[in-house]
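Novice: Structure of the sequence below:
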Amino acid sequence: MKAGISGEKRRGEILKLLSAASGPVSAAVLAEKLSVSRQIIVGDISLLRAGGENILSTPRGYLMERPSAGLIKTVVCLHRGEDMEKELNIMVDNGCQVLDVVVDHPIYGQLSGRLLLSTRSDVEKFVCDVAGKQAPPLSSLTGGIHIHTLSCPDLASYDRVLRQLEQAGFLYTKND
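Specialist: Residues are numbered from 1 along each chain as shown. The predicted model follows:
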């Protein structure tokens, strides 16, 4: 892509690249492909969102929001920060995608972070990013209690996740 194209055309190219991508695309990659700065891409993404485009921002980059296939379910968990990787692996190992994490903060209400984790590799990268940036997980704000929204291929997968989380001691119950 040649430098100096109009902003409108560049934003059209961003939409094409994100629509064709099989996973998140970082602002740096988009900037390189379109011969502009990362800051230009961030601004373009903001303009596209303001124009109604469903572009998600994840820890690994941008992607177009697509309807989730399968069953959408939630699970409430409680564990220490060092158990995060094990918890997330239980979910992805059973074929579920971890869409987000939500906490119910006493001051700010519901806070959420989009995760979009589907594989052990996704989980490993996420956990490394959290550790590398010394960014505590959202659940640290609520004593470890948090909710995950999952996209599961079927009810059997979700039931396996619940069983394994319970066996690991991560499933939150009213008695906790």
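Novice: Show me which residues of the helix or strand bottoming out on mean pLDDT in the chain are buried.
Specialist: When the helices and strands of the chain are scored by mean pLDDT, DSSP states H and E, strand 55-58 comes last with a mean of 84. Neighbour-count burial for strand 55-58 flags Ile55, Leu56, Thr58 (criterion: 16 or more other C-beta atoms under 10 Å). C-beta: built from backbone N, CA, C; applies to glycine.
Novice: which residues touch the second one?
Specialist: By that I understand Leu56. Tyr62, Leu63, Met64, Glu65, Arg114, Leu116 (C-beta atoms under 8 Å, 6 or more residues apart in numbering).
Novice: what's the answer for the last one, then?
Specialist: Taking C-beta under 8 Å, 6+ apart as the contact definition, Thr58 lies against Pro24, Arg114, Leu115, Leu116.
Novice: helix/strand/coil for Val123?
Specialist: helix (DSSP: H, G, I helix; E, B strand; the rest coil).
Novice: Report whether the expected contact of it with Glu85 is present.
Specialist: Yes: using C-beta atoms under 8 Å, Val123 makes contact with Glu85 at a distance of 6.1 Å.
Novice: So between those two, which is more surrounded?
Specialist: Val123 (23 against 17; other C-beta atoms under 10 Å).
Novice: gap between the residue nearest in space to the middle of the chain and Thr173?
Specialist: Nearest to the geometric centre of the chain sits Leu115, at 1.6 Å (C-alpha atoms, centre = their mean). Separation of Leu115 from Thr173 (C-beta to C-beta, to the nearest Å): 23 Å.
Novice: ok, now Gly143?
Specialist: Gly143 sits 15 Å away from Thr173, going by C-beta to C-beta.
Novice: Any idea how far apart the tips of stretch 133-145 sit?
Specialist: 22 Å (C-alpha to C-alpha, to the nearest Å).
Novice: Please spell out which residues along that stretch are buried.
Specialist: Neighbour counts over stretch 133-145 (16+ other C-beta under 10 Å) mark Pro137, Leu138, Ser139, Leu141, Thr142, Gly144 as buried.
Novice: Tell me how many other residues surround the closest residue to Val123 other than its chain neighbours.
Specialist: With C-beta to C-beta, 6 or more residues apart in numbering as the criterion, Val123 has its nearest non-adjacent residue at 4.4 Å, and that residue is Leu88. Leu88 has 22 neighbours, counted by other C-beta under 10 Å.
Novice: And the pLDDT for Leu88?
Specialist: Leu88 is assigned 97 on the pLDDT scale.
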